[in-house]
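**Q** return a 3D structure for these sequence lines:
(chains A and B)
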Amino acid sequence: MNTRTPGRAEPILSARNIVNRFGKQEVHDRISLDILPGEIIGIAGGSGSGKSVLLKTLTGLHRPNAGQVLLNGKRIDTIAPAEKASLIGVLFQQGALFSSLSVAQNIMLPIREHTDLPREGQEKIAAMKLALAGLSADSGIKFPSELSGGMVKRAALARALALDPRILFLDEPTSDLDPLMASGIDALIQRLNQSLGITVVIVTHDLTTLFTICQRIAVLVDKKITVATLDKLMRSNQPWVHEFLHGPRAQGAMAARKHSHGNG
Amino acid sequence: MASQSAASSSLTVALSDEGTSAALQGALDIRTLTEAERSLAHWPKKRKSGAIDLSGLSSLDTPGALFLCGLRNRGIELTGISTEHQALLDLVCGLNLKPLPRQASIPRWQQVIIQLGKGADDARHDIVDIITFVGRAASAIGNALIHPRGLRLPSISRHIEETGIHALPIIGLMAIMISIVIGYQGVAQLRPYGGEDFTINLVAVSMLREMGVLITAIMVAGRSGSAFAAEIGVMKARDEVDALKVMGMDTMEMLVVPRLIALVITLPLLTFFSDIMGLFGGAMISRFLLDVSPLQYVDRVRHAVDVSDLFVGLVKAPLFGFLIAVIGCMHGLRVRGSAESVGQETTRAVVKSIFVVIVLDALFSILFEKLGI
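**A** Predicted coordinates for the structure are as follows:
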């Protein structure tokens, strides 16, 4: 990986001068971010730095106090919901699977709402999405409450992929998972990115995810954003970024990067 | 794939005359899939082999690729495919695909019988649970009374405020409304016999003996029984109850006893308040429908009702309060894990406590009738 250089291409999603504030507290101060088609970009930052708010802003779930978000060159709040659904998929932190529906029904719900496929067709596609997310067809009839943490993430990922979105947003995809499961999710994200050409935006503070699969990293510090490749960020003299990327936990993640890049 | 845009979501299927080759043009995605399936369902007709030219395909998504895999498995050759689409096709065809398992469907009549059995079993468990819980709560209260340190006065007073003082406006309003309803019906029914003055007796007696305590208990069950179940349920779901246990604190003593004592104190007081408001509503009815002045009304009420009427109503209140609190707390503690279970248990607590209140009230009516009170 990292062989692809996402340069010069038109951004698929771009945020311009985003300002977000809650009451008197300002979270984002004129943030701009361009996301290029086909890349995996990580959004990092300390707790409370506004990562989740940025994700909500980028997906159009939260309207910023100022600035705008352009999806394929169009303002995101002017895009029809059905069209937006086929462009954007979101994996929420807790999965947000509908608890009253089985996993397969969860995947079929957006397909049923937005297409006129017959039921067998929907089921075939649901089974395929499950396989794509690394789940067996048997887990399709299970209910979200019967799934383990890693399976919930995979099922939610399968649902996020239901309409073959162009951009996949992942909110903390590896949190609450054991390291093996987390690596599995990382590998899955990478595979989907490479084989489906899907653009991936990951909000995370899992350093291993950031170091091993993200081509660029956006760091939120002091209401501002810094976007660069890992190598450039490593040389940053911003105190928080330096501490974040050179701290004790970063050493292990760096080793993982060397390992995965050595093998890849 | 990269060139996909929403506007280009159209597909043309061109079938050649000989029926052995076809060409797909445009986008083969989830929106055009039905179209493609319909066109190619019975193709190729006679011979088993055929070829599809895919060079005109502008975009392909995973359902489209799945469809092409299906064609390939039927022995149809796919030609002219771009490298980008080939990669996607390889990925999707390479998946280990199995159909979703079918769940054995149970006939409707069997479901009804199963439901019936489950319902009966649940009811049995419920009854045992309530009896057990009442016993545990009683022993915890006894314990708290012997060792007054276990009696948490701040907690009790907070619950009295929440379940009692905050409920005053709504309960007062309800009592006035109910007495107006009874008053109107009384006047309408008694007037033909010239006995509309007895409406005052009807309102006063029925408010004091039955309606006052009943509407108060139902209101409190809906307001506070549900609050108890939800508060404790959320604590249970977030492991707060386990945290209490680990730190050596007794859940019954910390969570249940204060609520129980609070409601046992509050409900009689609220009932008394509701009785007074009911009589006030009766005064309004008398003033406007019967032209009886408030002073005359007080005089009539004094003759119509006895202290025993008030007592018959009030004596039920502590018991109702106790049961509402027990049922609310019990269901709160029954919450298992998820947030949706909090909702379920809260609903059950309210339904069950209202049911218990009404059943007991009916039994009390019979009892007092037999005792001649």
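
**Q** interface residues of the stretch 51-200 of chain B facing chain A?
**A** Proximity of the stretch 51-200 of chain B to chain A is confined to B:61-63, B:66, B:84, B:87-88, B:91-92, B:95-101, B:103 under the rule Cβ under 8 Å from any Cβ of the partner chain. Quick note: C-beta positions are derived from backbone N, CA and C, even for glycine.

**Q** pull out the buried residues from those.
**A** Buried residues within those, defined by neighbour count using 16 or more other Cβ atoms under 10 Å in any protein chain shown: B:61-63, B:66, B:87-88, B:91-92, B:95, B:97, B:100.

**Q** in what helix or strand does residue A:218 lie?
**A** Here residue A:218, judged by DSSP states H and E, is contained in strand A:216-221.

**Q** same question, residue A:174
**A** Secondary structure assignment for residue A:174, by DSSP H and E: no helix or strand.

**Q** just the helices in the stretch 101-250 of chain A please.
**A** Under the criterion DSSP state H, counting those that start in this stretch, the stretch 101-250 of chain A carries helices at the ranges A:103-114, A:119-132, A:149-160, A:179-196, A:207-213, A:230-234, A:239-246, A:248-263.

**Q** in CSV, list the C-alpha atoms belonging to the fifth one.
**A** The C-alpha atoms that make up helix A:207-213 are tabulated as CSV, following Å, rounded to 0.1, in the frame of the first residue of the first chain:
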residue,chain,number,x,y,z
LEU,A,207,-2.5,4.6,16.6
THR,A,208,-2.1,1.2,14.9
THR,A,209,-4.9,2.0,12.5
LEU,A,210,-3.6,5.4,11.8
PHE,A,211,0.0,4.2,11.2
THR,A,212,-0.7,1.1,9.2
ILE,A,213,-3.6,1.8,6.8
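
**Q** mean pLDDT for the helices of the stretch 101-250 of chain A: which is lowest?
**A** Comparing mean pLDDT over these, the weakest stretch is helix A:248-263, at a mean of 77.

**Q** residue B:217 is nearest to which of the helices of the stretch 101-250 of chain A?
**A** Nearest to residue B:217 among those is helix A:103-114; the distance by Cβ to Cβ comes to 41.5 Å.

**Q** for the closest one, buried residues please.
**A** By neighbour count with 16+ other Cβ under 10 Å, helix A:103-114 contains the buried residues A:103-111, A:114.

**Q** show me what the mean pLDDT comes to for stretch B:124-135.
**A** With pLDDT averaged residue by residue, stretch B:124-135 scores 91.

**Q** and that stretch, what's buried?
**A** Of the residues in stretch B:124-135, B:129-130, B:133-134 count as buried by neighbour count, 16+ other Cβ under 10 Å.

**Q** could you do stretch A:242-259 as well?
**A** For stretch A:242-259, the neighbour count (16+ other Cβ under 10 Å) marks A:244-245, A:250, A:253-254, A:256-257 as buried.

**Q** check the residues you listed one by one and keep those near chain B.
**A** When the buried residues of stretch A:242-259 are filtered against chain B using Cβ under 8 Å from any Cβ, no residues are retained.

**Q** report the two of the buried ones among the residues of the stretch 51-200 of chain B next to chain A separated the most.
**A** Among those, the pair separated by the greatest distance (Cβ to Cβ) is B:87 and B:100, which sit 26.3 Å apart.

**Q** how many residues are close by the closest residue to chain A within the stretch 151-300 of chain B?
**A** Distances between the stretch 151-300 of chain B and chain A by Cβ to the nearest Cβ are smallest at residue B:237, namely 12.6 Å. Taking other Cβ atoms under 10 Å in any protein chain shown as the criterion, the count of residues near residue B:237 is 19.

**Q** for chain B, what are the nearby residues on chain A?
**A** Selection of chain A residues close to chain B by Cβ under 8 Å from any Cβ yields A:37-38, A:72, A:83, A:86, A:99, A:104, A:111, A:114-118, A:121, A:123-129, A:131-132, A:136-138, A:140-141, A:145, A:161, A:163-164, A:166, A:195-197.

**Q** for the strand or helix carrying residue B:113, name the packing helices and strands.
**A** When secondary structure is defined by DSSP H and E, residue B:113 falls within helix B:108-146. In terms of contact count using 3 or more Cβ pairs under 8 Å, 6 or more residues apart in numbering or on different chains; DSSP states H and E, helix B:108-146 is assigned the packing partners helix B:257-285, helix B:307-333.

**Q** tell me the buried residues in the last one?
**A** Spelled out, it's helix B:307-333. Buried residues in helix B:307-333, counted by 16+ other Cβ under 10 Å: B:309-310, B:312-333.

**Q** what of the longest one?
**A** Across helix B:257-285, burial judged by 16+ other Cβ under 10 Å covers B:257-275, B:277-283, B:285.

**Q** hmm, who's touching the helix or strand following that helix?
**A** Scanning forward in sequence from helix B:257-285 by DSSP H and E, the next helix or strand is helix B:294-304. The contact list for helix B:294-304 (Cβ atoms under 8 Å, 6 or more residues apart in numbering or on different chains) reads B:197, B:200-201, B:204-205, B:279, B:282-283, B:286-287, B:292.

**Q** likewise stretch B:330-347?
**A** A:99, A:145, B:129-130, B:133, B:226, B:228-237, B:241, B:251, B:255-256, B:348-349, B:352.

**Q** just read off the phi/psi values of the closest residue to residue A:86 other than its chain neighbours.
**A** In space, and not counting its chain neighbours, residue A:86 is closest to residue A:163: 4.7 Å by Cβ to Cβ, 6 or more residues apart in numbering or on different chains. Here is the backbone geometry of residue A:163 (degrees, to the nearest 10): phi -100, psi 20.

**Q** tell me who's in contact with residue B:190.
**A** Contact criterion Cβ under 8 Å, 6+ apart gives B:196, B:198-199, B:202 as the residues in contact with residue B:190.

**Q** list phi and psi for it.
**A** phi -90, psi -20.

**Q** spatially nearest residue to it, not counting backbone neighbours?
**A** Counting by Cβ to Cβ, 6+ apart, the residue nearest residue B:190 is residue B:196, at 4.7 Å.

**Q** kindly report the same for residue A:73.
**A** Leaving out its chain neighbours, the residue that sits closest to residue A:73 by Cβ to Cβ, 6+ apart is residue A:10, at 7.5 Å.

**Q** again with residue B:53
**A** Closest residue in space to residue B:53, ignoring its immediate chain neighbours: residue B:23 at 4.1 Å, by Cβ to Cβ, 6+ apart.

**Q** checking my notes, residue B:96 in a strand, right?
**A** No. Secondary structure assignment places residue B:96 outside any strand; it is coil (DSSP: H, G, I helix; E, B strand; the rest coil).

**Q** per-residue pLDDT, it?
**A** Reported pLDDT at residue B:96 in the predicted model: 78.

**Q** show me what contacts it?
**A** Residues near residue B:96 by Cβ under 8 Å, 6+ apart: residue A:131.

**Q** ok, the one 5 residues further on next?
**A** Applying Cβ under 8 Å, 6+ apart to residue B:101 gives the contacts A:137-138, A:140-141.

**Q** next, residue A:35: phi, psi?
**A** The phi and psi values for residue A:35, taken as degrees, to the nearest 10, are phi -110, psi 130.
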